[in-house]
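Undergrad: Below is the sequence, then the predicted model.
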Amino acid sequence: MATTVYNLKSDASQSGQLLSHQNTSGGNERVIINYIRMKEQSSVNGYITIQFGTSGDLCNVQVNTCTAFGKHVAYIGDSQNPGTSGHNYQGHGGANADHLTNAPTEIMLADNQYFIINWYCPNYVDACNIVVLPE
């Protein structure tokens with residue numbers, strides 16, 4: 001199997017599925033979330049869910065209050081208040097680390113397992129880059 005690259009964004013619907021990937025390679029796959037950019041929580045009440053695993057028994061991670069995250073995210077501090085991240089960039093200073101503000105950036109899938117991202121709120125996901133690599 002070749003590497004698969006997904007470049008995605010949500011639409012104006014109230015909710016939807018950004019990505020549904022099933023590993024049918026016969027081996028393991030590595031899913032890398034390089035970057036997801038969402039609307040600021042102060043402007044909308046949206047969120048995403050990241051699901052992975054076996055159909056009917058998926059792990060479900062809900063991500064709120066996060067503007068951008070991923071394996072390759074550059075960080076610029078809030079120029080309005082130096083030293084405090086007003087945008088809550090995950091993993092950097094000022095970010096609150098609770099169960100709704102953190103997410104995986106890399107997942108391993110066994111054969112026939114799924115990786116799914118859903119969004120809730122119109123146009124909530126501005127940009128998303130995900131790479132799926134065979135192992």
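TA: Received, thanks.
Undergrad: Could you use CA atoms for every contact and neighbour count after this?
TA: OK.
Undergrad: how much space is there between the most centrally placed residue in the chain and Asp111?
TA: In the chain, the residue lying closest to the centroid (C-alpha atoms, centre = their mean) is Ile36, at 5.3 Å. Distance, Ile36 to Asp111, by C-alpha to C-alpha, to the nearest Å: 25 Å.
Undergrad: quick one on the thing from earlier: okay, the residue nearest to the centre of the chain and Gln14: tell me how far apart.
TA: From Ile36 to Gln14 the distance is 18 Å (C-alpha to C-alpha).
Undergrad: And for Val131?
TA: Val131 is 26 Å from Gln14, by C-alpha to C-alpha.
Undergrad: Please apply the same query to Ile33.
TA: 23 Å.
Undergrad: what's the answer for Thr24, then?
TA: 30 Å.
Undergrad: before we move on, back to that, Val131 and Gln14: which is more packed in?
TA: Val131 (16 against 13; other C-alpha atoms under 10 Å).
Undergrad: ok, that one - contacts?
TA: Contacts for Val131 (C-alpha atoms under 8 Å, 6 or more residues apart in numbering) come out as 3-6, 31-34.
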